[in-house]
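**Student:** this is a predicted model, with the sequence first.
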Amino acid sequence: MARRVQEMLLAGHYRNADEPIRGPNEHGAFPSWRHFGTGLIGGGAPPVVIDANVLRNEIRRACRTGQRTVLVTATNAGAIRLFAASHVVGELDEHGEQWARESPSVSPAAFQARWEAEYRPLVREVRDKDLSPALLDPAERERVDRLDAEDSDDVPSVILALALGAFFLSEDGPAVRAVYGQDIDLEAHRDWLDVLKAGGDADELGKSIFVAAGAPLAGAAGLFSLTRWLAQRFSPWLPASLGVGFFGLLRSRVSSESWKSLRGALSDLSEALAHIHSQHRTALERFRQTAPPAPAWKELARTNDHKMVLARACLHTLARSPSSPMSAGELAGVLPDLGVGRSEKLVREVLRSDGCFSEPYAGRWQVGCPVGGLRSV
């Protein structure tokens, strides 16, 4: 069974690697991921914040191998969402040619082509100046203040990762410690490629669970609807009589060998679903454990301005919602209990006033903008 699951995962990843890149549309709206993977069964697409050093190395690796990286494949499949602070994009634009020349067998033209074709369409850019330390709790602000004294360049990326509760992709030790705390195992954190693979595995396994169970569930739902209609239209006893008659007819027409084969097939399906579900939960939990520790909302409400608590909750929820972009009403309806006001009116005020959010359609919001599409005000 384990070998079959691994074969299924490999087939899914190869298929995803050949999929067209799904970037934002002409309105600047990123795709909604209403598929049957992490975005549905896992409770949302986990956000990932990338730093300039990892983005540089990723593009150079793709140029050398001629293949998409795991990061691109996972993002394009909707298993994760990729965010970057604006200074990261600025560093790439400013130093991209130099970074290409520093790597053997990578030309500036190839580096730029990879960035434009595969990475730029998938990155959700958030402006540095909109990433306020006021979003953070006192312990997080203390870590950020220490980083600011040591290397202020990484501060916006750190704030973005903390505010989103996102896996932070960086090879800069002080920045990683500012996100995860001083006790973070930097060597283990650098093994992020396996973590992204776990996220991709969770996505593929989630799809398989839904596909395997979806047809029987849809059939059962249809049968229930028909039964209820017959009972309401004619008699409550009619569905039961029809069911007994159908079962008796089936028993008389189907041989014992066929019944045995059917029971065996159902047993195999049940075993396969149980195994896939176990693998899915393991992979998903491994990926979720990479998120930085976050304060409880009600604790945050005791120490922070209530508007900033609501803004952080909107960032955290909207960044991973499978139905992004969302309206203020939709977002207000799914926010957790924060210990502060979270009405539709208050949510709308936050979305309009905080530059971390963009409005690709009137009244519908997402976190971040396409690269180069930041608001000018």
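**Tutor:** That came in fine, so what should we check first?

**Student:** okay, CA-based contacts and neighbour counts for the rest of this
**Tutor:** Noted.

**Student:** and L82, helix, strand or coil?
**Tutor:** strand (DSSP: H, G, I helix; E, B strand; the rest coil).

**Student:** surely it is in contact with L122?
**Tutor:** Yes - contact criterion CA atoms under 8 Å: L82 and L122 qualify, at 6.7 Å.

**Student:** shared neighbours, the two?
**Tutor:** Residues within reach of L82 and of L122 at once, by CA atoms under 8 Å, 6 or more residues apart in numbering, are T75.

**Student:** where does pLDDT dip in the stretch 251-377 of the chain?
**Tutor:** For the stretch 251-377 of the chain, applying pLDDT under 70 flags the ranges 251-290, 374-377.

**Student:** any low-confidence regions in the stretch 101-250 of the chain?
**Tutor:** Across the stretch 101-250 of the chain, the ranges flagged by pLDDT under 70 are 191-250.

**Student:** can you pull out the helices in it?
**Tutor:** For the stretch 101-250 of the chain, the helices defined by DSSP state H, counting those that start in this stretch cover 108-114, 138-150, 155-164, 173-180, 186-189, 192-233, 237-253.

**Student:** residues in contact with the shortest one: which ones?
**Tutor:** The contact list for helix 186-189, computed with CA under 8 Å, 6+ apart, reads 173, 176.

**Student:** what residues sit buried inside the helix or strand containing S358?
**Tutor:** S358 belongs to strand 357-361 when assigned by DSSP states H and E. For strand 357-361, burial by neighbour count (16 or more other CA atoms under 10 Å) applies to 357-360.

**Student:** now do stretch 112-121
**Tutor:** Judged by neighbour count using 16+ other CA under 10 Å, the buried positions of stretch 112-121 are 112, 114-115, 118-121.

**Student:** cool, and stretch 344-357?
**Tutor:** So for stretch 344-357, counting by 16+ other CA under 10 Å, buried means 344, 347-348, 350-351, 355-357.

**Student:** residue contacts, the nearest residue to Y119 once chain neighbours are set aside?
**Tutor:** Leaving aside its sequence neighbours, Y119 sits nearest to V72 (CA to CA, 6 or more residues apart in numbering; 6.8 Å). Contact analysis of V72 by CA under 8 Å, 6+ apart lists 118-119, 122.

**Student:** I80 too?
**Tutor:** 45-48, 74, 199.

**Student:** ok, now with 6 Å
**Tutor:** 45-47 (CA atoms under 6 Å, 6 or more residues apart in numbering).

**Student:** ends of stretch 355-367, how far apart?
**Tutor:** End-to-end distance of stretch 355-367 (CA to CA, to the nearest Å): 9 Å.

**Student:** burial measure for A110, as a count.
**Tutor:** For A110, the neighbour count with other CA atoms under 10 Å is 19.

**Student:** just E299 next, same as before
**Tutor:** Using other CA under 10 Å, E299 has 12 neighbouring residues.

**Student:** mind giving me the packing neighbours of whatever helix or strand it lives in?
**Tutor:** Taking DSSP H and E as the definition, E299 sits inside helix 297-303. Contacts defined by 3 or more CA pairs under 6 Å, 6 or more residues apart in numbering; DSSP states H and E place helix 297-303 against no helix or strand at all.

**Student:** now render the contacts of I80 as a markdown table, adding distance to R61, secondary structure and neighbour count.
**Tutor:** Shown next, in a markdown table, are the contacts of I80 (distance: CA to CA, whole Å; DSSP: H, G, I helix; E, B strand; the rest coil; neighbours: other CA atoms under 10 Å):
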| residue | distance to R61 | secondary structure | neighbour count |
| --- | --- | --- | --- |
| A45 | 25 | coil | 24 |
| P46 | 24 | coil | 28 |
| P47 | 22 | strand | 23 |
